[in-house]
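Peer 1: 3D, please:
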Amino acid sequence: MARDRKAQSLTRRTGDGSKALLAMPEVPAIIDPNDPEGLVSTGTQVNDLEVLVPLWPFPAGPGDIDRLDLFWSGVTSDTPVATANFPGPVDPATFPFSLKADKNILQPDGQYQLWYTVTTDANDTAPSERRTVTIDTRPPSYNQQLMPLLLPDDLVGGVINEAYLASHGDQVELRLPSPVYLDAKEGDVVDLYWSQDNPPTTSVVASVTVTQAQIEADDIRISLPGDAVRAPDRDGNFYATYKVRDRAGNETDSFSRETPAAVALKPLPGGDLPEPDFPEADIYGYINCNNEPWNGITVRVTFVRNLFEYQDQITLYWQGYHTLNGHDPIAGTEGVFARTVSVKNVTDGYLDILVEPFIPHIEPILEGSALASYRLTKVGGHSGASYEGLVKINRTLPSGEICGPVMQAVQSGSRREGGCKACRLFTRFIARVLQTLGRGGKGQ
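Peer 2: Numbering: from 1, shown residues only. Just a heads-up that it's a prediction; the model follows:
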């Protein structure tokens, strides 16, 4: 009779006559005890999982034994993953009692159920409430590199200056590209990096926690603080990159692709710099087939006002257009080319920058133009921008053909002695074939 009363007390009868389950097991490895998903901190799954079991009602008395069994849904339901016996009288000081679930059962990733049972000598068993445990070791976006952040549409030329910061709440709002990264989940954290190096050598400058509403709207944003822009105390080219970390602590394997932007908070005295030149262009400002633009187009920055010094940075910006007057930009032709002023450049009084490769910067421009401008960033941190220089590009021959590296290779090959002889022989052969076909296809 005593054992029957104890069996009932193990499951505790409620007021409506039903049986209440034993208390839920505790899992210290869970990030948040109140997390209904029971997400396990990444890295924990490589060790045995510690489970704490609280003391159940009316434990075994003298001469009795209670058996504690721990179960895991990833294993056959009637096979415990850990067991312990408690001869009576049970010492309450040993609780909560620690059981270890072998690390091998924590594979693969997935959502599992964890629970325990207490069985008396009379073979009466009471189960506990079940605890959901989620194992997740895959980083956001899996093994794919994150796409670059998008600059605001009104950040002209990607240049951040004091006027822009003052009119935008002292920040630059960046947006993650659409569609959002793979396996995006509520609670993910986006960490923003801002550095002149790529990958960045600085620490996180801003973070944002992703919401479900942002995921559904396909619109995740993070703000670059004005203080982070000013912190290096210098102008120049900077890169915005980011990483994503999920609630389990998994982080993307690498930084995202970079988003370049120019900082211009310390303007040079004397106003804007003159536009760059195109030394290969003719007197009408044209680059044509004779210039062999498939080998690149030279843009010259002429040094003026004694502003250009050794180790200054020059960044050239290039954009191709469908028209001859710099309108209707050709997507994909844009390019950014950074150079450091050398002693020879200072002596020569200019720096030449070769815009290459042909694809994608030049090849789409058939009969159009390109605009080039540059920014000078002094060693001391001040900077200034130039006006835009225009060059016209025409790769259309009088015959209507488009000149390019393939045509040039064919023409060069035809000038070779052996190649020319082979071409003549092949031409004669084709002529004979055509003559034969003209006679009805029979040789006569």
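
Peer 1: Strands of the stretch 151-300 of the chain, residue ranges please.
Peer 2: Per DSSP state E, counting those that start in this stretch, the stretch 151-300 of the chain carries strands over the ranges 159-160, 171-175, 189-195, 204-209, 221-225, 236-245, 259-263, 286-287, 297-302.

Peer 1: Other residues contacting the third one?
Peer 2: Okay, so that is strand 189-195. Contact partners of strand 189-195, identified using CB atoms under 8 Å, 6 or more residues apart in numbering, comprise 174, 176, 200-210, 220, 222, 224, 228-229, 238-246, 255. Using the backbone N, CA and C atoms, a C-beta is placed for each residue, glycine as well.

Peer 1: Direction included, what does it pair against?
Peer 2: Strand 189-195 has its sheet partners listed here by DSSP bridges as strand 204-209 (antiparallel), strand 236-245 (antiparallel).

Peer 1: Might you report the residue contacts of residue 180?
Peer 2: Contacts of residue 180 by CB under 8 Å, 6+ apart are 215, 218, 220.

Peer 1: can you give me phi and psi for it?
Peer 2: With angles defined as degrees, to the nearest 10, residue 180 sits at phi -70, psi 160.

Peer 1: Distance check, it against residue 141.
Peer 2: 9 Å (CB to CB, to the nearest Å).

Peer 1: now swap in residue 182 and tell me
Peer 2: 5 Å.

Peer 1: With neighbour numbers in mind, choose between these two.
Peer 2: Neighbours per residue, other CB atoms under 10 Å: of residue 182 and residue 141, the larger number sits with residue 141, 21 against 13.

Peer 1: in which helix or strand would I find that one?
Peer 2: Residue 141 is located outside every helix and strand, with elements delineated by DSSP states H and E.

Peer 1: Show the model's pLDDT score for it.
Peer 2: In this model, residue 141 is scored at 91, pLDDT.

Peer 1: Spit out the contact partners of the nearest residue to it once chain neighbours are set aside.
Peer 2: Setting aside the residues directly before and after it, residue 141 is nearest to residue 181 in space (CB to CB, 6 or more residues apart in numbering), at 4.2 Å. Residues in contact with residue 181 (CB under 8 Å, 6+ apart) are 140, 141, 144, 146, 147, 244.

Peer 1: Take the residues you listed and lay them out in CSV including distance to residue 398.
Peer 2: Shown next, in CSV, are the contacts of residue 181 (distance: CB to CB, whole Å):
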residue, distance to residue 398
140, 56
141, 52
144, 48
146, 49
147, 44
244, 55
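
Peer 1: contacting residues around the nearest residue to residue 72 once chain neighbours are set aside?
Peer 2: For residue 72, ignoring the flanking residues on the chain, the nearest one in space by CB to CB, 6+ apart is residue 81 at 4.8 Å. Residue 81 is in contact with 70, 71, 72, 75, 101, 102, 105, counting by CB under 8 Å, 6+ apart.

Peer 1: for the helix or strand harbouring residue 52, which positions count as buried?
Peer 2: Assigned by DSSP H and E, residue 52 belongs to strand 49-53. Buried residues in strand 49-53, counting neighbours by 16 or more other CB atoms under 10 Å, are found at 49, 51, 53.

Peer 1: For ChimeraX, write the select line for the buried members of the contacts of residue 81.
Peer 2: The command below creates a ChimeraX selection of those among the contacts of residue 81 that count as buried (16+ other CB under 10 Å):
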select :70,71,72,101,105
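
Peer 1: and the contacts of residue 81, which two are the farthest apart?
Peer 2: 71 and 102 (13.0 Å; CB to CB).

Peer 1: in the protein, which spans are helices?
Peer 2: For the chain, the helices defined by DSSP state H occupy 2-11, 162-166, 212-217, 226-230, 343-348, 358-361, 405-414, 417-438.

Peer 1: Show me the contact partners of the fourth one.
Peer 2: Translated: helix 226-230. Counting by CB under 8 Å, 6+ apart, 160, 165, 170, 171, 172, 194, 205, 206, 238, 263, 265 sit against helix 226-230.

Peer 1: Which pair of the residues you listed spans the longest distance?
Peer 2: 206 and 265 (18.3 Å).

Peer 1: sorry, back to before: out of the helices of the chain, which gets the lowest mean score?
Peer 2: Looking at those, the bottom one is helix 417-438 with a mean of 40.

Peer 1: Could I get the contacting residues of the nearest residue to residue 114 once chain neighbours are set aside?
Peer 2: Once flanking residues are discounted, residue 114 sits nearest to residue 131: 4.5 Å by CB to CB, 6+ apart. With contact taken as CB under 8 Å, 6+ apart, residue 131 is in contact with 24, 25, 27, 38, 113, 114, 115.

Peer 1: Let's have the contacts of residue 81 in JSON lines, adding distance to residue 190.
Peer 2: Shown next, in JSON lines, are the contacts of residue 81 (distance: CB to CB, whole Å):
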{"residue": "70", "distance to residue 190": "38"}
{"residue": "71", "distance to residue 190": "38"}
{"residue": "72", "distance to residue 190": "34"}
{"residue": "75", "distance to residue 190": "37"}
{"residue": "101", "distance to residue 190": "33"}
{"residue": "102", "distance to residue 190": "36"}
{"residue": "105", "distance to residue 190": "33"}
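
Peer 1: give me the number of residues near residue 123?
Peer 2: 9.

Peer 1: on that earlier part again, and the residue nearest to residue 141, how far from residue 275?
Peer 2: According to CB to CB, residue 181 stands 40 Å off from residue 275.

Peer 1: How about residue 84?
Peer 2: Taking CB to CB, one finds residue 84 at 82 Å from residue 275.

Peer 1: Does residue 41 touch residue 247 like I think?
Peer 2: No. At 9.1 Å, residue 41 does not count as touching residue 247 under the criterion of CB atoms under 8 Å.

Peer 1: Who has more neighbours out of those two?
Peer 2: The residue with more neighbours, out of residue 41 and residue 247, is residue 247; 20 against 16, by other CB under 10 Å.

Peer 1: The more buried one is in contact with residue 38, isn't it?
Peer 2: No. Residue 247 is beyond contact range of residue 38, at 11.2 Å (criterion: CB under 8 Å).

Peer 1: where does this structure have low pLDDT?
Peer 2: Counting by pLDDT under 70, the chain contains low-confidence ranges at 1-21, 28-32, 77, 407-444.
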